[in-house]
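Visitor: A structural model of the following input is requested.
(chains A and B, ligands or ions: 1)
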Amino acid sequence: MLKKLLPFVEHAIKKPVWDCRMCGQCVLHSTGMTCPMTCPKTLRNGPCGGVRENGNCEVIPDMQCVWLKAYDRKVFLPLPTVWKEHFNELRPPVDMRLQGSSSWINLVTKRDQQTPAGWSTNDGEH
Amino acid sequence: MSLMREKLENSNDTVFTAEFPSLDGGGMAKVEKNAARLAPWFVGVNATDNPAAHAHASNTASAIAMKMHGIEPIMQIVCRDKNRLAIQADMMGAALHGIENISLLTGDDVTAGDEPESRRVFDLDSTQAINIARIMTTGQYLSGRKINPAPDFYISAVENPAAPPFDYRIERALKKYRAGAKYLQLQICYHPDRLEKFCAGVAKIAPDLKLIPTIVLVKSAKPMSFMNEKVPGIDIPQETLNRVSAAADQAEEAYKLTVELAKHAMTLPAVRGLHVTDFRHDDSLDRFMYDLGQKPRN
Ligand code: SF4
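Guide: Down below sits the predicted model:
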């Protein structure tokens, strides 16, 4: 029951504020409270090379680049330090099976942290 | 071992790279002709993957053809057209043919091309794709399924040193390095001050990451204005445009500007070479390389 209801509740709350796309594996805290799924290329690890001179998006010229917004917010918003530190972490590819499910449930069950068996990051090795 | 790796990791040589013209017919004769023009100067040449969102002969097929004609390919893979399965298949296909230089890019959007109605894929972003290439060099696919023996990729990426958000571009370079990129080819940049800041920043936080800025050979102010207006991510200062457009001999002035930009770029920290984009298609490529003190490779 909850599993059916929560996606609606989550979407109702997150859509107006963050334009939530219900990817089911929320990373808002680490992206300056800016949803990377609203980037037309759905980039989760930083901006593409097409950001315009005025800071607007390559694809939608009258929209500010999502990652410019994210970076500004990360720098200027009074967010918890650990959230800011997570800004540069390598976020894994989206698990398409979670699309439409509630990231709140996936957070509690840790389902959103499951990655393919081969996935590993190299942080700190260099 | 790829020549790119050999030169960048085990020598202090300046490494020049270029772009192989897109192939749309003309068969191997066309490959041969272009290979002959580029072979004397370039250690590696990019085999592009539907550049500017236009379909052409595929990245893998082009890379194989280049290799057959004595050119070491740097095979690009963009995230726009292929999902994670297809991207891994591209890489294993390259490995099958002994192609080791792999460059992972986000890719221009479909709206930049002539089929803007296409579905955009972006199943991975470039940093994830770089990381998966690195994972494959440890002997497994993303799923964990074994690859034996592991492919010996020499992984690279691209970055735009002159597009906002400027400070973050440096952190992003480090992120790509951590994911597995050993060098970055940089987007065309007509702002020497921005390039300077970017290279200094990278040298400071990722000392082993090598940078290859791009410079463009153009014949007049027209293609410069085109890039300035039509290519998101490229900005050319008005005075630079004026300098070329007001010159009596635009071709010569544009050439001089390119040499200046190139020489400046080569003095910057972390810079190990140059990527030369040739829009002139005349004899100035040879002149340019000689002017930079290079000698043709045998
Ligand atoms: S310019 Fe920014 S918002 Fe637009 S596609 Fe690139 S990264 Fe995404």
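Visitor: now B:Pro223, nearest residue through space, not along the chain?
Guide: Once flanking residues are discounted, B:Pro223 sits nearest to B:Phe279: 5.4 Å by Cβ to Cβ, 6 or more residues apart in numbering or on different chains. For the C-beta atoms, the positions are set from N, CA and C on the backbone; glycine is no exception.
Visitor: Can I take it that B:Met75 is in a helix?
Guide: No - under DSSP: H, G, I helix; E, B strand; the rest coil, B:Met75 falls outside any helix and is assigned strand.
Visitor: Nearest spatial neighbour of it, chain-adjacent residues omitted?
Guide: Distance criterion Cβ to Cβ, 6+ apart; nearest residue to B:Met75, sequence neighbours excluded, is B:Ala63 at 4.3 Å.
Visitor: quick one: the strands in chain B?
Guide: Assigned by DSSP state E, chain B shows strands spanning B:15-19, B:44-47, B:73-78, B:101-105, B:154-159, B:183-186, B:210-212, B:214-217, B:273-278.
Visitor: what's the second one packed up against?
Guide: In this structure, strand B:44-47 packs against strand B:15-19, helix B:59-68, strand B:73-78, with contacts taken as 3 or more Cβ pairs under 8 Å, 6 or more residues apart in numbering or on different chains; DSSP states H and E.
Visitor: which stretch among those comes nearest A:Phe8?
Guide: Closest to A:Phe8 of the helices and strands packed on strand B:44-47 is strand B:73-78 (Cβ to Cβ; 36.5 Å).
Visitor: what's in contact with the closest one?
Guide: Here strand B:73-78 makes contact (Cβ atoms under 8 Å, 6 or more residues apart in numbering or on different chains) with B:4, B:17, B:20, B:44-50, B:59-60, B:62-64, B:66-67, B:87, B:90-91, B:94, B:99, B:101-108, B:129, B:156.
Visitor: And for the closest residue to the ligand within chain B, the neighbour number?
Guide: Closest contact between chain B and the ligand, by Cβ to the nearest ligand atom, is at B:Asp109 (6.4 Å). By the criterion of other Cβ atoms under 10 Å in any protein chain shown, B:Asp109 has 23 neighbours.
Visitor: any idea of the pLDDT on the closest residue to it other than its chain neighbours?
Guide: Ranked by Cβ to Cβ, 6+ apart and with sequence neighbours excluded, the top spatial neighbour of B:Asp109 is A:Val59, at 4.5 Å. You'll see A:Val59 listed with a pLDDT of 97.
Visitor: quick one: secondary structure of A:Val59?
Guide: coil.
Visitor: For it, list the residues it contacts.
Guide: Residues near A:Val59 by Cβ under 8 Å, 6+ apart: A:40-41, A:50, B:109, B:111.
Visitor: B:Gln187 too?
Guide: B:Gln187 sits next to A:49, B:158-163, B:214, B:233-234 when contact means Cβ under 8 Å, 6+ apart.
Visitor: could the residues you listed go into a markdown table alongside distance to the ligand and pLDDT?
Guide: Conversion of the contacts of B:Gln187 to a markdown table gives the following (distance: Cβ to the nearest ligand atom, whole Å; pLDDT from 0 to 100):
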| residue | distance to the ligand | pLDDT |
| --- | --- | --- |
| A:Gly49 | 8 | 96 |
| B:Val158 | 14 | 98 |
| B:Glu159 | 13 | 98 |
| B:Asn160 | 10 | 98 |
| B:Pro161 | 16 | 97 |
| B:Ala162 | 14 | 96 |
| B:Ala163 | 8 | 96 |
| B:Thr214 | 19 | 98 |
| B:Gly233 | 8 | 95 |
| B:Ile234 | 13 | 96 |
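Visitor: For B:Ala262, state which of these is nearest.
Guide: After measuring the contacts of B:Gln187 against B:Ala262 - Cβ to Cβ - the closest member comes out as B:Thr214, at 9.9 Å.
Visitor: what's the spacing between the closest one and B:Leu186?
Guide: Noted for B:Thr214: a distance of 6 Å to B:Leu186, by Cβ to Cβ, to the nearest Å.
Visitor: Could you do B:His56 as well?
Guide: Per Cβ to Cβ, B:His56 is found 23 Å from B:Leu186.
Visitor: Likewise for B:Ala163?
Guide: Separation of B:Ala163 from B:Leu186 (Cβ to Cβ): 11 Å.
Visitor: How many neighbouring residues does A:Arg44 have?
Guide: For A:Arg44, the number of neighbouring residues by other Cβ under 10 Å comes to 24.
Visitor: Wait, it touches A:Glu89, no?
Guide: No - checked against Cβ atoms under 8 Å, the pair A:Arg44 and A:Glu89 is beyond contact range at 10.4 Å.
Visitor: and residue 81, how many neighbours does it have?
Guide: You didn't pick a chain, so chain A it is. Neighbours of A:Thr81 under the rule other Cβ under 10 Å: 7.
Visitor: looking at chain B here, not the other one
Guide: Other residues near B:Asp81 come to 21 when the count uses other Cβ under 10 Å.
Visitor: got it, and the one 10 residues further on?
Guide: A count of nearby residues for B:Met91, using other Cβ under 10 Å, gives 26.
Visitor: quick revisit: tabulate the contacts of B:Gln187 (JSON lines), appending neighbour count.
Guide: Compiled in JSON lines, these are given as follows (neighbours: other Cβ atoms under 10 Å in any protein chain shown):
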{"residue": "A:Gly49", "neighbour count": "24"}
{"residue": "B:Val158", "neighbour count": "23"}
{"residue": "B:Glu159", "neighbour count": "25"}
{"residue": "B:Asn160", "neighbour count": "25"}
{"residue": "B:Pro161", "neighbour count": "26"}
{"residue": "B:Ala162", "neighbour count": "26"}
{"residue": "B:Ala163", "neighbour count": "26"}
{"residue": "B:Thr214", "neighbour count": "22"}
{"residue": "B:Gly233", "neighbour count": "21"}
{"residue": "B:Ile234", "neighbour count": "24"}
